[in-house]
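*Asks:* Give me coordinates for this.
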Amino acid sequence: MKKNWRKIVIPLLVIAVIVMGSLTAWSIYKEKGNSRTADIPKDGVVSASAFKKIKNTHDMKMFNGEENGIKYQWLFLGNDITKPRDINLLISFNNDELDSVKSLTSSEWVQGFSFNESDSIDYNPTISIELNSKWDCSGADIYKFDEKTNTYVIVSGASVENSDRTIVTFIHLDNKGKFYIVGNGTNQYMASNKEENKDEENKKEEEEKKSEAPQYLTDSKSSGSGNKPYTNKSKEKYASTARERAQMARGSDKKDKYQTDPTPEGKPSPVEWQDKSVDKSKVRYCTLSIRCDTLLKPANYAEAKSNGKEEMIPSNGIIYATRTVEFYEGEFVFDVLLREVKKNKIHMEFEMTPIFNSNYIQGINNLYEFDGGALSGWMYKVNGWFPNYGCSRYLLKDGDVIEWVYTCDLGRDVGCEWMGGQ
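*Replies:* Numbers count the residues shown, from 1 in each chain. Below you'll find the predicted structure:
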């Protein structure tokens with residue numbers, strides 16, 4: 001009887017150990033694969049130890065939440081965290097006093113919200129809110145209800161991205177009280193004024209071409225300043241060209257699982273960010289610059305101006321002058337870009353594209369894709385080469401030279417042969 005008992009129990013114990021080990025390994029794998037994103041706990045509280053880890057590793061972390069069909073995301077940078085503590089990241093959405101806010105702001109696009117955290121959050125995180133509908137607006141402001149004066153005041157500007165739903169992004173500055181997202185402007189193209197505006201723009205373009213000393217360039221110190229919201233109105237304008245644009249950049253049929261063509265001989269292959277860990281004890285140095293001098297050409301400038309972006313173009317085309325910056329072993333091009341624009345208070349908007357396993361840079365300094373025409377947008381090169389994969393997959397090495405450039409001709413005007421070549 002004892003022998004039979006052992007024959008049954010021992011195999012069962014072995015199977016149990018194997019199953020538990022597999023579950024543990026799967027748990028570790030999931031955590032590793034999503035090390036920079038996490039869902040907000042049900043009670044909303046992210047622990048001080050979690051923020052301490054972000055601070056000590058100088059990394060970034062995104063926390064995702066959702067309520068009533070509205071999704072939101074917090075983005076924290078380790079360098080901005082001072083004293084780690086428990087923070088409730090839940091956001092509640094409501095429709096209180098919407099009519100009053102609409103009447104005050106003369107806007108039909110209003111969404112109320114409030115923070116569950118009662119203490120101030122001093123880390124200046126970025127918040128992105130994906131509304132459950134599409135707003136036909138080009139920008140937004142964040143209003144707060146001031147109980148002392150019984151008035152509504154603007155506490156922050158916000159960028160707007162319109163697709164199937166509207167996504168509003170802003171830097172968190174205050175969390176006490178009632179807040180409202182208020183859309184402004186419009187993305188609608190007024191057909192009745194199309195020909196009139198086109199004729200006027202053509203006349204101005206001809207005048208600018210004849211001028212030996214163009215006066216339309218703004219000083220670099222004023223670039224990106226003011227209270228104008230970050231917008232990308234030109235994206236909808238050129239939506240019909242997306243198929244042609246994709247066709248021109250299609251590459252070969254020998255792509256990897258993230259749609260990347262084979263890299264040229266002698267060039268670094270892409271590295272998946274989830275497979276690397278950052279070693280903060282090993283400081284390295286690289287060179288970074290950001291420029292948009294292609295928009296200084298009269299024709300390109302006229303296009304940007306028609307999209308309301310003339311004030312965002314520095315007079316010398318330089319948004320971020322070439323300089324040497326630190327990075328840590330295991331970091332990628334995207335990590336350096338994000339840290340430096342944040343440090344220098346330069347606007348940037350990006351979107352994670354899982355199909356390419358990389359963040360896509362939509363706009364820098366309020367200059368977005370399509371602002372300079374149907375084939376315009378941001379590209380990067382390292383050591384003079386334009387990688388054929390996303391910036392989140394380019395693993396940096398000591399001494400690399402990173403250049404972010406704005407193209408108006410699918411890369412051909414900035415020296416990229418593989419992108420726009422036929």
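*Asks:* Where does pLDDT dip in the stretch 301-422 of the chain?
*Replies:* Flagging of the stretch 301-422 of the chain using pLDDT under 70 yields the residue ranges 418-422.
*Asks:* show me where it has helices.
*Replies:* Listed in chain order, the helices of the stretch 301-422 of the chain (DSSP state H, counting those that start in this stretch) span 333-343, 417-420.
*Asks:* Same check on the chain?
*Replies:* For the chain, the helices identified by DSSP state H occupy 2-33, 48-57, 98-105, 194-210, 234-237, 242-248, 298-306, 333-343, 417-420, in order along the chain.
*Asks:* Flag whichever of those has the least confidence on average.
*Replies:* Among the helices of the chain, helix 2-33 has the lowest mean pLDDT, at a mean of 42.
*Asks:* Verify the stated contact: V155 with D174.
*Replies:* Yes. Under the criterion of Cβ atoms under 8 Å, V155 lies in contact with D174, with a separation of 5.5 Å. No exception for glycine: its C-beta is placed from N, CA and C like everyone else's.
*Asks:* Looking at the two, which one has more neighbours?
*Replies:* A side-by-side neighbour count of V155 and D174, using other Cβ atoms under 10 Å, places V155 first with 16 against 13.
*Asks:* quick one: the more buried one and D43, what's the gap?
*Replies:* 27 Å (Cβ to Cβ, to the nearest Å).
*Asks:* and F115, what is it in contact with?
*Replies:* Contact criterion Cβ atoms under 8 Å, 6 or more residues apart in numbering gives N88, L90, I91, S92, N175, K176, F179 as the residues in contact with F115.
*Asks:* Restricted to buried residues, select these in ChimeraX.
*Replies:* Typed into ChimeraX, the next command selects the buried ones out of those (criterion: 16 or more other Cβ atoms under 10 Å):
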select :88,90,91,175,179
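*Asks:* between the contacts of F115, which is nearest Y389?
*Replies:* When the contacts of F115 are compared for distance to Y389 (Cβ to Cβ), I91 comes out closest, at 34.3 Å.
*Asks:* my read: D400 touches P268, true?
*Replies:* No. The pair D400 / P268 is not scored as a contact, 9.6 Å apart, by Cβ under 8 Å.
*Asks:* circling back to that earlier point, tell me the most buried of the helices of the stretch 301-422 of the chain?
*Replies:* Each of the helices of the stretch 301-422 of the chain was assessed for mean neighbour count using mean count of other Cβ atoms under 10 Å. The highest is helix 333-343, with a mean of 21.
*Asks:* next one: that helix to chain centre, how far?
*Replies:* On the basis of Cα atoms, centre = their mean, to the nearest Å, the separation between the geometric centre of helix 333-343 and that of its chain is 11 Å.
*Asks:* Would you mind pulling up the elements that that helix packs against?
*Replies:* Applying 3 or more Cβ pairs under 8 Å, 6 or more residues apart in numbering; DSSP states H and E, one finds that helix 333-343 makes contact with strand 70-77, strand 279-291, strand 318-329, strand 348-353, strand 358-364, strand 377-382, strand 401-407.
*Asks:* quick one, which of the ones you listed is nearest to N116?
*Replies:* Nearest to N116, of all these, is strand 70-77, at 12.1 Å by Cβ to Cβ.
*Asks:* quick one: strands adjacent to the closest one?
*Replies:* On the basis of DSSP bridges, the sheet neighbours of strand 70-77 come out as strand 60-67 (antiparallel), strand 126-130 (antiparallel).
*Asks:* and the angle from it to helix 48-57?
*Replies:* If you take axes from the mean of the first three to the mean of the last three Cα atoms, to 10 degrees, strand 70-77 sits at 50 degrees to helix 48-57.
*Asks:* Touching strand 70-77 from outside, list them.
*Replies:* Contacts made with strand 70-77 from outside it, assessed by Cβ under 8 Å, 6+ apart, are listed as 40, 51, 54, 60-66, 89, 91, 93, 111, 123, 125-132, 172, 338-339, 342.
*Asks:* which residues does the residue sitting nearest the centre point of the chain contact?
*Replies:* The centre of the chain sits closest to F350, judged by Cα atoms, centre = their mean, with a distance of 2.0 Å. Applying Cβ under 8 Å, 6+ apart, one finds that F350 lies in contact with F334, L338, N359, Y360, I361, Q362.
*Asks:* From those residues, pick the one nearest Q259.
*Replies:* Proximity of the contacts of F350 to Q259 was ranked by Cβ to Cβ; the top entry is Y360 with 12.4 Å.
*Asks:* where's Y72 relative to F370, distance?
*Replies:* When Y72 is compared with F370 (using Cβ to Cβ), they lie 26 Å apart.
*Asks:* can you tell me which residues contact I402?
*Replies:* Under the criterion of Cβ under 8 Å, 6+ apart, the contact list for I402 reads C286, T287, L288, S289, V333, V336, L337, Y380, K381, V382, L396.
*Asks:* overlap in contacts of V155 and D174?
*Replies:* Shared contacts of V155 and D174, defined by Cβ under 8 Å, 6+ apart, comprise K144.
*Asks:* how distant is stretch 57-65 from the center of its chain?
*Replies:* Taking Cα atoms, centre = their mean, one finds stretch 57-65 lying 14 Å from the centre of the chain it belongs to.
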